[in-house]
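Q: Predicted model, plus sequence, below.
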Amino acid sequence: DMAEPIQQLTRNNNPQERQTIPFTLIQRKEKLGDLLYEKRQYGKAKWACIKMKEKQYEQSICLGFMKLMRYICEQNSSGLYLGITIPIVTIVHTNESQSEMTQSVTVAYYLPEVLQDEPPHPFDSDIIIEEWPSTIVYSR
């Protein structure tokens, strides 16, 4: 099921073709010279998002990512490979008291700059295009 998207990604897997999302670095945490994480602020932008709720958190992320890859790799109204932007963002949802994680996660793909004004529509109805306000992201 994923053979075509993986082949498309492999054909287009030049690091130079990956677009890093523009951000402002807020904080960088290191331990013994190794980067643990960065706290970044991304500007207002459009993202392709999918919310998943599988039995295991890891399954939700994996399945959500695979669905987004299909969108990126031609299963969209343009019929074209959209290009990779990094990072792909995972939002972990918590219960109402914010005391524990739920099984629900959102996996999100930043639409490349050239697609921000008119993003291609996904064929998968589970994927929605959202405009996010300026957002804080922790990146590893």
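A: Structure's in. What do you need?

Q: S60 - that's part of a strand, no?
A: No. Checked against DSSP: H, G, I helix; E, B strand; the rest coil, S60 lies outside a strand; its state is helix.

Q: Let me know whether it touches I50 as I believe.
A: No. Using Cβ atoms under 8 Å, S60 is not in contact with I50; the gap is 9.6 Å. Using the backbone N, CA and C atoms, a C-beta is placed for each residue, glycine as well.

Q: so what sits against both of those two?
A: By the contact definition Cβ atoms under 8 Å, 6 or more residues apart in numbering, S60 and I50 are jointly contacted by V107.

Q: Which stretches in this structure count as strands?
A: Defined through DSSP state E, the strands belonging to the chain, from first to last, are 19-20, 23-31, 34-42, 45-53, 85-86, 89-94, 101-110, 127-132, 135-139.

Q: Please identify which of those is closest to M69.
A: Across those, the minimum distance to M69, taken as Cβ to Cβ, is reached by strand 101-110, at 8.8 Å.

Q: Now do the residue nearest to L115 when sequence neighbours are not counted, the pLDDT please.
A: Here the nearest residue to L115 in space, its sequence neighbours aside, is L82; by Cβ to Cβ, 6 or more residues apart in numbering that works out to 6.5 Å. Among the per-residue scores, L82 shows a pLDDT of 93.
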